[in-house]
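> Requesting a structural model of the entry that follows:
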Amino acid sequence: MDTFDGSCFEGNSDLCGQQVNKTCPGDMPPVEPQEPTTHDDGDDNSGFYEALHMSLGFGFFTGFWGLLGPLLIWKSWRIAYIRFLNKMADYIYVTVAVYAAKFYNPKLMFEERIVFFYAEVVNTEVEGWLIKLHFVADAVVTSNNAWRVMASLFISPWRSEVLTQREACTSHFQTWHNGPWDMLSTWKDDDDCCKWKGITCSNQTGHVLRLHLPGSDSIYLLGQANISTLIGLQHLEHLDLSYNVFMGSYISEHIGLFNKLTYLNLSEAEFGGSIPYQLGKLTHLHYLDLTYNYLYGVIPYQLKHLGQLQYLGLQRLDEVSGAIPFESGDLPLLHTLKLCADFVLQTKDVEWVSNLSFLKNLDLSLSVGNSHQWLQTIRKHIPNLTELRLSDCNLSDNDVQFLFDIHSNNSSTSSLTILDFSYNMLTSSTFQLLSNFSAHLRELYLLDNNIVLSHPHYPKFPSLVILDLSYNNLTSSVFQGNFNFGSNLEHLDLSNCSLMDTSFPMSSTSTVNSSSSLVVLRLSYNLLTSSNIFHWIFNFTANLHTLYLRGNLLEGRVPNNFDKTMNSLEHLDLSFNKLQGEIPTFYGNICTLQTLKGTFQDSFKIHHGATDTGVIPNLPLTLPHGALIDLSSNQFEGVIPSVLLHASSLILSENKFSNISLLLCQDNNVGNNLGTLVLANNQLEGSLPDCWESVSSLLFLDLNNNYLTGKIPPSMGSLVKLEALVLRSNRFIGKLPSNLKNCTNLFLLDVSENLLSGPIPSWIGESLQSLIVLSMAGNSFSGNLSIHLCYLKKIQLLDLSRNKLSNEIPTLMWKGVKSGFKNPELLLNSIDLSSNHFTGEIPKEIVYLVGLVSLNLSRNNLSGEIPDEIGNIISLESLDLSRNHISGTIPSSLSQIDNLVKLELSSNSFHGRIPPGRHMDTFDGSCFEENPYLCGPQLNKTCPGDMPPVKPEDDDDEDDNSEFYEALHMSLGFGFFTGFWGLLGPLLFWRSWRIAYLRFLNKVADYIYVTVAVYAAKCYK
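Below you'll find the model as predicted:
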């Protein structure tokens, strides 16, 4: 190409090169020719850079492994190192918090001294007072009022008049939501908190001794739990917060201050974080249960100090692993041990469990496997055990034979009443074997094994009350004989056992000996098709309370005499079958008797997913409090009978109902207890009735995807308890009624896909501050975007797309967001303002939304540039800024967002190079098209300056070894610094990284030790 002269290329004004005497961008200046010199190859600069890179790598290797190596080899170093990191992190946090507090309140010196003094008196350990101090300092930074509250909390052991017991309780529970029903209804502003439900006080001193607030399926506490605020209850002996929903709250380190506790139950309460080592200070503790939480890390070794402990529950802690920290002689009084997690079991653990002489209840599911050493230890304890659970341990018939064979000659020597061998590889022979030890056995769980009952002769268990054989492959002939596992059997679960009609060879005239004891029968998810199963049930049971036939292939109608034989029924589930016809009127007779039970768990669930048609009869139902009626996914039409309003939950979605006026506008307050009403995907039409005060207890209302028209009735504002309102995909018009501002408990408001208009009301941000989801997309809302939406501190999803909103996106909308979303449960996850008429620039404050997952500002008239710091939103997965007028270059920080899977920047005015690196190269050209001045490999367009650089000739005949070694030494130091702090830095600032790192080191060290020991043993032999 160099042989052609410039005339071949003239007339191309943007062309450059030597032929046209025009320098191209990125060209190196020409190198002047030098006199030829002779020099060694070692003087070449390439050798210098090669040595430089090698020294950098060597320095990094030395720094990294200089820190990692000793920690990997010596466990004591690891413990000391993590302890040092914890102290250092706490020190940094406290220092920053205190200086910030001084900035906010310069007169804080006296209170500061009080906090330091109290911290040193209560707990001399450095970790303890640092934790207390940063807890208080954080409160100081938040506000002066918060400082006064927290200071009074800490000083309360000396000045009880500052914080009474009532204030200690209310300060802990005031931010909680009480679930579907008011669990704390008796907690009023009364001076005597000893009268409140769940609190027991001493008759002599009046001190609170017990705080007993366990939840249930229907009644529970909901919110963030901070046990630290209960410090005022210094005489507390019993604390039960189990079965609640605490949304990942950490168990506070201050739990160790309740030194009089004897009972602590935090099971199934959705706690997160690590198990605090301060639990080891509760030396009077008899009962500790942390089962079924989201805890991670290791079991703190400090728990070995709980010498009075009798019950230890650590089941189903999926993220807790590592070694068990107990040794022989620890926890000598333990009678119940439940360890069910991914623990690393060692020989010392076998010895520890073997020496627990008072052991009565043992659960080692998921932990022991089929280790012979462990089975031998368990076999030793069996004569004294009343409960044994070894589910998911890969047990075979031989393993069970080994466990029980030693006692086969005298079954009465075994006192077992509960036995759980679920999720193993057991067969029918084990089922038969266990009958030899059935003198006291009351509960037997064998679900998901390989049990096949191929003949009518099966074992009998005289004392058995609960038998679970679900998820086994029982044969069709199993019930052809006299079905009698035991005369005391009350609960039988045969779900998902491939049972067919031939398994129950009964007719309407045949009879067998009925089982008067059976109250619960589960036959869901089998292959039953005909109504013969009902006749078999009629003849087999007399007092059945619960019947589950869900997920079969039942056809036809339910027999007419169903109500006569099932007159004690409380729970009925016939969902996901093929039953046809109208609902029989005799169901009303059954539900009349259902009120005798009157519990929150009562349910009436029928025909969900069936093909029932016609009109629902106005049955004479008297439903219990908390009853559920689910008639969804049918073809019911006509008028909805008012008797259904007696339920607490009414689900009628996916039918053909067309009118609800007669259902709501009742004068007899029949719907006062209705909490959930779902009429989605029906054929409701016309205007909604304006009589919603008749269902004033409503919590959840879903009317989406119907044909409703007119305005939203103002009486909806009377639903002051409402938490979720879904009116999407209808034809509502007009403005949102201002009365809705009375629904201050709303966390979900969805009015999208309607014909609503007018400005977005300011009262949404002012009054509905509990909103988590706000969707108003697909309407005709106009005007400015209200800055009052910035008051929604809990919002996680904001969708205002496809409206007529205009002008600039207010900067104030994002101010305060950085500090307002500290809680990871309350991060703003999704913003969609697409398809509006917004102008101006993208607010720079948007980069503070560190938890944002999806941002869509497409199809507007936005201009300006993308904020350079957008890479700070590291959680971003979807970014759509297409079809705007945004200019400038694409920020290189976008390449730092590893989670980004969707990027749309097309149809804008970007220029320059598409930033390279990481995953940016994975996006195709369509993401960047219609940006005429944008270049990069994604668009197959070369950028100016992409010509290969010209390597300069070596023009220096001097060998400057001093500069070479100087650079070499500097790079070694830099490499060491990078390697050392690249490992230390993240561990210093993130506690979860420290825990994961220690767990990794322990596993690697154990693996190396075991590998070396095995090879050494082989060599020795």
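
> Least confident secondary structure element in this protein?
Least confident helix or strand of the chain, by mean pLDDT, DSSP states H and E, is helix 144-155 with a mean of 32.

> Assign the closest residue to Q896 other than its chain neighbours to helix, strand or coil.
Using C-beta to C-beta, 6 or more residues apart in numbering and skipping the chain neighbours, the partner closest in space to Q896 is G871 (4.1 Å). Bear in mind the C-beta positions are built from the backbone N, C-alpha and C, glycine included. Each residue gets one of three states, and G871 gets helix by DSSP: H, G, I helix; E, B strand; the rest coil.

> which stretches of the stretch 151-300 of the chain aren't confidently modelled?
By pLDDT under 70, the low-scoring segments of the stretch 151-300 of the chain are 151-186, 188-191, 218.

> re earlier: residue contacts, the residue nearest to Q896?
P891, S892, S893, L894, S895, Q896, I897 (C-beta atoms under 8 Å, 6 or more residues apart in numbering).

> What of F9?
Listed by C-beta under 8 Å, 6+ apart, the contact set of F9 reads L15, G17, Q19, V20.

> can you pick the most crowded of these?
Comparing these on neighbour count, Q19 comes out first with 17 neighbours (neighbours: other C-beta atoms under 10 Å).

> my guess is that residue contacts N12, does it?
No: counting by C-beta atoms under 8 Å, Q19 sits too far from N12 to count as a contact (10.8 Å).

> got any residues that touch both of these two?
Once C-beta under 8 Å, 6+ apart is applied, it turns out that Q19 and N12 contact no residue in common.

> among the contacts of G871, which are in helices?
Residues of those located in helices (DSSP state H): none.

> ok, now how distant is the spatially closest residue to C665 that is not a sequence neighbour from P713?
Counting by C-beta to C-beta, 6+ apart, the nearest residue to C665 once its immediate chain neighbours are dropped is C691, at 4.2 Å. Taken as C-beta to C-beta, to the nearest Å, the spacing of C691 relative to P713 amounts to 8 Å.

> Please give me every residue in contact with the residue lying closest to L236 once chain neighbours are set aside.
Residue nearest to L236 in three dimensions, not counting chain neighbours: F258, with 5.5 Å by C-beta to C-beta, 6+ apart. By C-beta under 8 Å, 6+ apart, F258 lies in contact with L230, L233, Q234, L236, L239, L282.

> Would you enumerate the residues in contact with the last one?
Neighbour list for L282: I255, G256, F258, N259, L261, L264, L288, L306 [criterion: C-beta under 8 Å, 6+ apart].

> Mind checking what secondary structure the fifth one has?
Secondary structure of L261, reduced to three states by three-state DSSP: coil.

> distance of it from D240?
According to C-beta to C-beta, L261 and D240 sit 11 Å apart.

> and if you look at the fourth one?
In this structure, N259 lies at 18 Å from D240, with C-beta to C-beta as the measure.

> follow-up on the earlier one: quick check on the residue nearest to C665: phi, psi?
phi -140, psi 40 (degrees, to the nearest 10).

> L467 reaches E490, doesn't it?
No: applying C-beta under 8 Å as the test, L467 and E490 come out as separate, 9.3 Å apart.

> gap between the two ends of stretch 289-305?
Distance across stretch 289-305, first residue to last, is 16 Å (C-alpha to C-alpha, to the nearest Å).

> I meant to write stretch 273-281 there.
The first and last residues of stretch 273-281 sit 19 Å apart, counting by C-alpha to C-alpha.

> Need the residues that contact it.
If you take C-beta under 8 Å, 6+ apart as the criterion, stretch 273-281 is touched by 128, 248-257, 259, 264, 285, 288, 290, 295-306, 320, 991, 995.

> from the contacts of F258, which is closest to L569?
For L569, the closest of the contacts of F258 turns out to be L239, at 38.9 Å, with distances computed as C-beta to C-beta.

> where along the stretch 401-550 of the chain do the helices fall?
For the stretch 401-550 of the chain, applying DSSP state H, counting those that start in this stretch gives helices covering 428-434, 532-540.

> looking at these, which one has the lowest mean pLDDT?
Summarising mean pLDDT across the helices of the stretch 401-550 of the chain, the least confident stretch is helix 532-540, with a mean of 79.

> list the helices and strands it packs on?
With contacts defined as 3 or more C-beta pairs under 8 Å, 6 or more residues apart in numbering; DSSP states H and E, the secondary structure elements packing on helix 532-540 are helix 562-565.

> Show me what secondary structure element comes after the helix it packs on.
As assigned by DSSP states H and E, the chain's next helix or strand after helix 562-565 is strand 571-573.

> Adjacent strands (with direction) for the helix or strand just after that next one?
Once strand 571-573 ends, the next helix or strand along the chain (criterion: DSSP H and E) is strand 578-579. Strand 578-579 pairs in its sheet with strand 555-556 (parallel), by DSSP bridges.

> chain center to the partner strand: distance?
Distance, stretch centre to chain centre, for strand 555-556: 40 Å (C-alpha atoms, centre = their mean, to the nearest Å).

> neighbouring contacts of that strand?
Surrounding strand 555-556, the residues in contact under the criterion C-beta under 8 Å, 6+ apart are T529, S530, S531, N577, K578, L579, Q580.

> Which of those residues are buried, as a ChimeraX select command?
Buried subset of the contacts of strand 555-556, written as a ChimeraX selection, criterion 16 or more other C-beta atoms under 10 Å:
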select :529,531,577,579
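
> what about the strands in the stretch 251-400 of the chain?
Taking DSSP state E, counting those that start in this stretch as the criterion, the stretch 251-400 of the chain carries its strands at 263-265, 272-274, 287-289, 294-297, 311-315, 319-323, 336-340, 342-344, 361-363, 387-389.
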